[in-house]
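S.K.: can't give you the sequence, but here's the structure:
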């Protein structure tokens, strides 16, 4: 993993030498020497990584390499920032002495790094770290990109629940039975059996949705804080207004308990308490769940039998069983990337390994994901030999061995990407676009001929195919959101700490690693900022997942955070933070994500390296983007709800938006008919466009869409008086919602040569649609929803030749679908 840090540092040093052409010779030679030494060090890292697990000295050696790489980048970034900031002043007053001082400071710090590298080189020889081929195990990005195009996903319930469908029905019956007493359903079993997945399957069941008007889910984990859990339940039920948050903060534990009881006593509710470890934790929670004699239920999941057995004297306890051999083999085959490539000898090896998994689903799917990326009998034999070293004949494979082996098989880039899931709070669903944009901002995604977004999506799909990441939701055959299993999250955290990749603030001990360049804060963010000495840190990323944090004024932008690439503030909407002007000093920032603010300062225009700007949920208020937003010359993703969008981004409305030429994704809300959207056509790299009208408003003219030459995904929500006669031929996915079209849109849409996915929801008010011969030549998935007047669907014999998925809902007058469509797979609601 240290290779990732060095690769990044080497790249930065090279860029520095190219950009800073006026460097004095001695300093240039020092930077070149440092770059060459780090390149040399890379050749020894593979051997060090293989030896480090049991050797603390080698781990320390790798820590020191990471530290040097990070310090080198920080030194050069600070110099570049200061030099750039002072350029105009130097021209104006010829302040040569100031420039000489900067040179001197950089040279002095690099001399210090040189001494540290020489010390590290001596230690390498002492520890016997040898130069070996470091390319082994590196997966090319081409493979990941190929996976992006070919991967389709099995639903989680069909995947993990091989052989357990009967359990789902049994537990549903228990939850829905006519028993007015509030009761507890306990699910227990060892990690990796699928307790959380089973509970989630029950929680999202349509029968449960219809039977329990109030539902909430909380994740407890080993270190739980009862007051935080009670607050979270209350907020999930009642919402997160500022008044509610202030009230909850003033309450004692007893007050919170009484408040929640009062909130629930008149409701029929279902509460899932996931991953509870101690009986005491449950005892402190259960008093808050009243028995209103209305059939309310609580589900708890736990690894502890005594917790499950004693949760409710009259409750229902289910011990999750292991899979049978037949079920285990079925699950393995379902997750294997290419079953047809498995020759009889490979099948025999696989059956031996699957048998040693002893019916543990997580172990089986991760093993399948690992073997999917091993080609041929010899590679499979090596996996078996490696696993067999750690077991005796009568024992099963330890799941930790399979997880570690799968992790070690990842390329350096994929290891970094996998680590990032550990920063998020336990059990959190991660939006695919968020994680992809974070990877890009961190520099994990290599630049090449393909768009970085596509390569990053390939990386995500590869982690999914290896069963290290689970799919939570898909749409248009793309992963929309995902999650990681608790055991895999623990692995990511463990491995990340070994290389100082990130650390999560622990409010109980009030501590966080000063060696890590990425910090995650899940609670007590204000205490983290106000009480810890962060002055000597060179933080690369800081991510707040603390809903109660709102004092951005505590963030020392100009000193502590000046090296930040990522500032991710997932705060609570009700707090309505003020963003200080000093945010404009974060020159290196590539990703800025904010929640719960009403406006940004004009200094945002200083962030010339910003790739992603996301501003979410202004607490019911509209949001104003400053005009300086158009100065963000490297912006690729802009997501924000803002007022009069084409007025407040002046260069987007009144002149050519040349400064937003890199924008790949644009979403606009609250559009009115009076707006002009024509200048969107100037965004030549736009690939995703989502436009949402204000309530009951109609779109202005949409003819500009034909000029968006690279547009692939188009989503329009709002009335459309007249369909554009031409759309860009590059469009592959289109969604029309609440369009209220009076003319059949199919003749126009059917001519799009690359359209693969079409979603129509309340989009057409006519009685007939016609898909003529040769239309929809590439269409694979069609969704027809709430076309309430539709009676007839005519389908030409050569239309939709590639169709493979159909979803129809809310079309009560459509008596019959075309004969040829009757053999097409009916899609599920969330596909």
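M.R.: Perfect, thanks for sending it. Please read these numbers as outputs of a predicted model, since none were measured by experiment. Numbers count the residues shown, from 1 in each chain.
S.K.: what does stretch 111-124 rub up against?
M.R.: By C-beta atoms under 8 Å, 6 or more residues apart in numbering, the residues outside stretch 111-124 that reach it are 30, 33-34, 37-38, 41, 44, 48, 57, 61, 64-65, 68, 71-72, 75. For the C-beta atoms, the positions are set from N, CA and C on the backbone; glycine is no exception.
S.K.: Between all of these, which two are at the greatest distance?
M.R.: 30 and 57 (28.8 Å; C-beta to C-beta).
S.K.: Distance check, the closest residue to residue 301 other than its chain neighbours against residue 483.
M.R.: In space, and not counting its chain neighbours, residue 301 is closest to residue 195: 4.1 Å by C-beta to C-beta, 6 or more residues apart in numbering. Remark: distance between residue 195 and residue 483 (C-beta to C-beta, to the nearest Å) = 14 Å.
S.K.: Show me the strands in the stretch 201-350 of the chain, by range?
M.R.: Listed in chain order, the strands of the stretch 201-350 of the chain (DSSP state E, counting those that start in this stretch) span 214-221, 269-276, 297-302, 316-319.
S.K.: circling back: give the buried subset of the contacts of stretch 111-124 as a PyMOL selection command.
M.R.: To isolate the buried subset of the contacts of stretch 111-124 in PyMOL, counting by 16 or more other C-beta atoms under 10 Å, use the following:
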select buried, resi 30+34+37+38+41+44+48+61+64+65+68+71+72+75
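S.K.: Residue 374: neighbouring residues, count only.
M.R.: Neighbour count for residue 374, taken as other C-beta atoms under 10 Å: 15.
S.K.: Could you tell me how far it is located from residue 338?
M.R.: Counting by C-beta to C-beta, the gap from residue 374 to residue 338 is 11 Å.
S.K.: Check residue 174 too.
M.R.: Residue 174 is 40 Å from residue 338, by C-beta to C-beta.
S.K.: now swap in residue 406 and tell me
M.R.: Distance from residue 406 to residue 338, counting by C-beta to C-beta: 18 Å.
S.K.: For those two, indicate the residue with more neighbours.
M.R.: Per other C-beta under 10 Å, whichever of residue 406 and residue 338 has more neighbours is residue 406, with 22 against 8.
S.K.: Surely that one touches residue 369?
M.R.: Yes: when contacts are counted by C-beta atoms under 8 Å, residue 406 is listed as touching residue 369 (6.6 Å).
S.K.: Locate residue 28 within the secondary structure: which element?
M.R.: Taking DSSP states H and E as the criterion, residue 28 maps to helix 25-51.
S.K.: If you could redo that for residue 65, that was the one I meant.
M.R.: With DSSP H and E as the test, residue 65 turns up in helix 56-85.
S.K.: what do you get for residue 387?
M.R.: Under the criterion of DSSP H and E, residue 387 resides in helix 377-388.
S.K.: List the buried residues in that helix.
M.R.: Residues 380, 383, 387 are the ones in helix 377-388 that count as buried (16+ other C-beta under 10 Å).
S.K.: the domain parsing of this structure - what is it?
M.R.: With domains defined by automatic domain parsing, the chain comprises 2-127, 165-319, 502-643.
S.K.: show me what contacts residue 67?
M.R.: Taking C-beta under 8 Å, 6+ apart as the test, what residue 67 contacts is 500, 515.
S.K.: With residue 565 instead?
M.R.: Residue 565 makes contacts with 441-443, 540-541, 588-591, as judged by C-beta under 8 Å, 6+ apart.
S.K.: Recalculate using a threshold of 10 Å.
M.R.: By C-beta atoms under 10 Å, 6 or more residues apart in numbering, the contact set of residue 565 is 73, 77, 438, 441-443, 517-518, 539-542, 586, 588-591, 609, 611.
S.K.: From those residues, list just the buried residues.
M.R.: Neighbour-count burial within these applies to 73, 77, 438, 441-443, 517-518, 539-542, 586, 588-591, 609, 611; the criterion is 16+ other C-beta under 10 Å.
S.K.: and the residues you listed, which of them are in helices?
M.R.: Secondary structure defined by DSSP state H assigns 73, 77, 438, 441-442 of those to helices.
S.K.: For those residues, please prepare a markdown table with the additional fields distance to residue 624 and pLDDT.
M.R.: As requested, those are exported to a markdown table (distance: C-beta to C-beta, whole Å; pLDDT from 0 to 100):
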| residue | distance to residue 624 | pLDDT |
| --- | --- | --- |
| 73 | 35 | 75 |
| 77 | 31 | 68 |
| 438 | 26 | 95 |
| 441 | 24 | 92 |
| 442 | 29 | 89 |
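S.K.: Save those as a markdown table, and put in distance to residue 397 too.
M.R.: Output for these, formatted as a markdown table (distance: C-beta to C-beta, whole Å):
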| residue | distance to residue 397 |
| --- | --- |
| 73 | 40 |
| 77 | 45 |
| 438 | 33 |
| 441 | 37 |
| 442 | 33 |
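S.K.: Would you mind listing the two of the residues you listed that lie farthest apart?
M.R.: Most distant of those, by C-beta to C-beta, are 77 and 438, 19.0 Å apart.
S.K.: Report the distance from the helix or strand residue 480 falls within to the chain centre.
M.R.: Assessed by DSSP H and E, residue 480 sits inside strand 478-483. Offset of strand 478-483 from its chain centre (C-alpha atoms, centre = their mean, to the nearest Å): 8 Å.
S.K.: Now do that strand: everything it contacts.
M.R.: With C-beta under 10 Å, 6+ apart, strand 478-483 has contacts from 148, 151, 153, 156, 196-197, 200, 421, 424, 426-436, 457, 460-461, 463-464, 469-475, 489, 713, 733, 757, 830.
S.K.: wait, residue 672 sits on residue 694?
M.R.: Yes: between residue 672 and residue 694 a contact is recorded at 5.6 Å, counting by C-beta atoms under 10 Å.
S.K.: Now the common contact residues for those two.
M.R.: Contact with both residue 672 and residue 694 is made by residues residue 718, according to C-beta under 10 Å, 6+ apart.
S.K.: still on that earlier bit, from residue 538, how far out is the residue nearest to residue 301?
M.R.: Taking C-beta to C-beta, one finds residue 195 at 41 Å from residue 538.
S.K.: Looking at those two, which has the bigger crowd around it?
M.R.: residue 195 (23 against 18).
S.K.: The more buried one contacts residue 307, doesn't it?
M.R.: No: in this structure, residue 195 is not within contact of residue 307 by C-beta under 10 Å, at 11.9 Å.
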